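> structure here, sequence nowhere to be found:
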């Protein structure tokens, strides 16, 4: 029997997402947490997008992931369990795909039984385990496409693009977050819904609260402080940041996040500060120190198709924002300084750090106040329940 208010009529969700332990909280995490408020969710961390490297580190990592698969799912919250189901990355060797498909199906169904999930929906946020779609005894398959994963650095782009297209075709309903990817997905599946990212407006709004303390490591930085939070990865334009820091040597450039690449001479600059990865819940304490926030992405395919979470998170803090251009960011042009080259980025920063207007701060926060994750997930759940009802109808 379904529980009162159960939108999925007693079905649990097998949720294939990014690494649960990742430093960054992505839409994969935000959506899963809110789904678990409605029904049991088994969150399956799905490593295996990167091309394999012939290194002892990668081999040891693979063995750890395989060992983790044999453990019982870990209960991480009410109604939310986590397990890891890796794939052997040597996909060009004959038979590996068959092994991955067999092993993945066995491991996920085993974990679902241990988590007490019987009737189920499969829900994919990453494409590479998509070969399991329709093979898990599920009543419905959802693909929640949040990124152009084939454009990510270091992945097997040909394989990921193929898996993405296959999953789009196999899914019963496809939600797409980046607006630039919607039409391409509609060419593969008639049941595509645009579903932009949300924001934890209450959390990031704490940055504008007078009672919020600045993170200790940022309290004594010389102002103005130009801030960034998120992964420091290959899609960040570090040359732009270094140029800005050299042009404004008396300013502080505070880059909060896991450093995933070699930073070279940027790390040597006295006015560039790198405190490393910080707990998600503490990001407002760091943002409290910002005079302006930046989105300094490289202009590549990945960024062109991105729907950046941090754009809404920055706006929710009320801080002025300077960003490069992409289709989703352009929608917020009334509240964001958009720059097309180094000089215009610096000019925009010069203006942004002087913007102390409480009215402008309130307008930025209001721009995303109705775009919360709770509302986004509510809309998605409503569409999924309609699809479930349609499929269970005698006339369907």
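Everything's here; your move. Computed from a predicted model, the values in this text were never measured in an experiment.
> skipping its backbone neighbours, what lies nearest residue 269 in space?
In space, and not counting its chain neighbours, residue 269 is closest to residue 245: 5.1 Å by CB to CB, 6 or more residues apart in numbering. C-beta: built from backbone N, CA, C; applies to glycine.
> for residue 340, helix, strand, or coil?
Per DSSP: H, G, I helix; E, B strand; the rest coil, the local secondary structure of residue 340 is coil.
> hmm, it is touching residue 325, no?
Yes: using CB atoms under 8 Å, residue 340 is in contact with residue 325, at 6.0 Å.
> the more surrounded of these two?
Neighbour totals were compared for residue 340 and residue 325, and residue 325 leads with 17 against 10 (other CB atoms under 10 Å).
> OK, contacts around the more buried one?
By CB atoms under 8 Å, 6 or more residues apart in numbering, the contact set of residue 325 is 299, 338-340.
> got a winner among those residues for most neighbours?
Busiest of the contacts of residue 325 [other CB under 10 Å] is residue 339, holding 21 neighbours.
> wait, isn't it in contact with residue 348?
Yes: Residue 339 is within contact range of residue 348, at 5.0 Å (criterion: CB under 8 Å).
> intersection of neighbour lists for these two?
The contact sets of residue 339 and residue 348 overlap at residue 322 (CB under 8 Å, 6+ apart).
> residue 366 - that's part of a helix, no?
Yes: looking at residue 366 with three-state DSSP, it is inside a helix.
> on that earlier part again, correct me, but the residue nearest to residue 269 touches residue 267?
No: counting by CB under 8 Å, residue 245 does not reach residue 267; the two are 11.0 Å apart.
> which of the two has more residues huddled nearby?
Between residue 245 and residue 267, residue 245 has the larger neighbour count (other CB under 10 Å), namely 19 against 12.
> list the contacts for that one?
By CB under 8 Å, 6+ apart, residue 245 lies in contact with 251, 253, 266, 269, 271-272.
> now, which of the contacts of residue 325 sits nearest residue 135?
Closest approach to residue 135 among those (CB to CB): residue 299, at 39.1 Å.
> the closest one in helix, strand or coil?
Note that with three-state DSSP, the state of residue 299 is coil.
> roughly how far apart are it and residue 305?
Distance, residue 299 to residue 305, by CB to CB, to the nearest Å: 12 Å.
> how about the helices in the stretch 251-396 of the chain?
Under the criterion DSSP state H, counting those that start in this stretch, helices of the stretch 251-396 of the chain are mapped to 283-287, 301-304, 309-317, 327-330, 342-352, 358-367, 373-392.
> who does the first one touch, helix- and strand-wise?
So that's helix 283-287. helix 201-204, strand 225-229, strand 252-256, helix 309-317 (3 or more CB pairs under 8 Å, 6 or more residues apart in numbering; DSSP states H and E).
> drop anything exposed from the contacts of residue 245.
The neighbour-count test (16 or more other CB atoms under 10 Å) marks 251, 253, 266, 271-272 as buried among the contacts of residue 245.
> can you list the domain ranges for this structure.
For the chain, the structural domains run 12-198+372-392, 201-367, going by automatic domain parsing.
> out of the ones you listed, which gets nearest to residue 6?
Closest among these, using CB to CB: domain 12-198+372-392, at 6.4 Å.
> what mean pLDDT does that closest one get?
Here domain 12-198+372-392 scores 87 as its mean pLDDT.
> and it, end to end?
Taking CA to CA, to the nearest Å, domain 12-198+372-392 runs 17 Å from one end to the other.
> sorry, back to before: now render the domains of the chain as JSON lines, adding distance to residue 6.
Converted to JSON lines, the domains of the chain look like this (distance: least, CB to CB, whole Å):
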{"stretch": "domain 12-198+372-392", "distance to residue 6": "6"}
{"stretch": "domain 201-367", "distance to residue 6": "26"}
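> for whichever strand or helix holds residue 108, what is the distance to the chain centroid?
Using DSSP states H and E, residue 108 sits within helix 96-114. Its chain's C-alpha centre and that of helix 96-114 lie 25 Å apart, by CA atoms, centre = their mean, to the nearest Å.
> can you tell me what sits against that helix?
12, 14, 42, 44, 69, 72-73, 81, 83, 85, 87-88, 90-91, 120, 129, 131-132, 135-137.
> cool, stretch 279-289 as well?
With contacts defined as CB under 8 Å, 6+ apart, stretch 279-289 is touched by 24-25, 203-207, 212-215, 218-219, 221, 225, 227, 229, 254, 256, 275, 278, 293, 313-314, 317, 319.
> the closest residue to residue 170 other than its chain neighbours and residue 173: what is the separation?
Of all residues not flanking residue 170 in the chain, residue 133 sits nearest, at 4.5 Å (CB to CB, 6+ apart). Going from residue 133 to residue 173 by CB to CB gives 12 Å.
> burial count for residue 341?
Look at residue 341: counted by other CB under 10 Å, it has 10 neighbours.
> run through the residues that contact residue 273.
217-218, 221, 252-255.
> circling back to that earlier point, farthest pair within the buried ones among the contacts of residue 245?
Pairwise distances across the buried ones among the contacts of residue 245 (CB to CB) peak at 14.4 Å, for the pair 251 and 266.
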